[in-house]
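>>> sequence and predicted structure below; questions after.
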Amino acid sequence: MGTKVDKDKNSDGSLLRDKKITIVFVLGGPGCGKGTQCEKIAKHFGFTHLSVGDLLRAETKTGSAYGAMIQTMMKEGEIVPSEVVVKLLQQAMLRSGNNKFLIDGFPRNEENRLTYESVMKIEPAFILFLDCPQEEMERRVLNRNQGRDDDNIEAVRKRFKVFSESTLPVIEYYERKGKVRKVDAAKPIDEVFNDVKAIFAPYKVG
């Protein structure tokens, strides 16, 4: 399916570049509250919330050969290629009809970032970094995931390790470019959103 991605990527990318697009990457460790804050931002500021995990899961349910390939990779614990992830993001952005996007949990690593830059050629407006101590994120994840296969402490700590080793370097890259907006995500949800609102104020609808 790599051929399909390569064949379409330039046309989709140029269609998006013809519009005035605002993209914000929302990053933070597991349990920092990305999904919750993205929902609030989308509602208050008119952004479309795109979660890479949701897009991948949705594609596996389409019954397409493309979706079957993704499902097989996910089942076998393989990482879905960055080109595929960026392609799904492009398609979702074009379908939405919107021009303001929150991309939740992406880029997860340097390879994601480099692929995004080479394919999309749209610089993110900024990166919203929801900063939260590991102990607090552990508590949240273990509380919310009771009964799930990945709610054990070993699995949770493995996710933190991946975040620290793979995603933090991406945040540091954008920090050097002056694009990171860091928020203390250990506070209660509404207090976190008050800080987030101040950052998004220039994008207020109407």
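Everything's here; your move.
>>> surely Asp195 meets Ala185?
No - using CB atoms under 8 Å, Asp195 is not in contact with Ala185; the gap is 9.0 Å. For glycine as for every other residue, the C-beta is placed from the backbone atoms N, C-alpha and C.
>>> more neighbours: the two, which one.
Taking other CB atoms under 10 Å, Asp195 and Ala185 do not tie; Ala185 has more neighbours (27 against 16).
>>> what ranges do the strands span in the chain?
Taking DSSP state E as the test, the strands found in the chain are 22-27, 48-51, 100-104, 126-131, 180-184.
>>> how about those strands in JSON lines, adding mean neighbour count, mean pLDDT and distance to Asn112?
Shown next, in JSON lines, are the strands of the chain (neighbours: other CB atoms under 10 Å; pLDDT from 0 to 100; distance: least, CB to CB, whole Å):
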{"stretch": "strand 22-27", "mean neighbour count": "23", "mean pLDDT": "97", "distance to Asn112": "10"}
{"stretch": "strand 48-51", "mean neighbour count": "20", "mean pLDDT": "96", "distance to Asn112": "14"}
{"stretch": "strand 100-104", "mean neighbour count": "23", "mean pLDDT": "96", "distance to Asn112": "10"}
{"stretch": "strand 126-131", "mean neighbour count": "21", "mean pLDDT": "97", "distance to Asn112": "13"}
{"stretch": "strand 180-184", "mean neighbour count": "17", "mean pLDDT": "97", "distance to Asn112": "16"}
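>>> residue contacts, Lys19?
Asn99 (CB atoms under 8 Å, 6 or more residues apart in numbering).
>>> if Phe126 is in a bridge, with which residues?
In this entry, Phe126 is beta-bridged to Val24, by DSSP bridges.
>>> my read: it touches Lys182, true?
No - counting by CB under 8 Å, Phe126 does not reach Lys182; the two are 10.5 Å apart.
>>> could the strands of the chain go into JSON lines alongside distance to Pro169?
As requested, these are exported to JSON lines (distance: least, CB to CB, whole Å):
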{"stretch": "strand 22-27", "distance to Pro169": "11"}
{"stretch": "strand 48-51", "distance to Pro169": "22"}
{"stretch": "strand 100-104", "distance to Pro169": "18"}
{"stretch": "strand 126-131", "distance to Pro169": "13"}
{"stretch": "strand 180-184", "distance to Pro169": "12"}
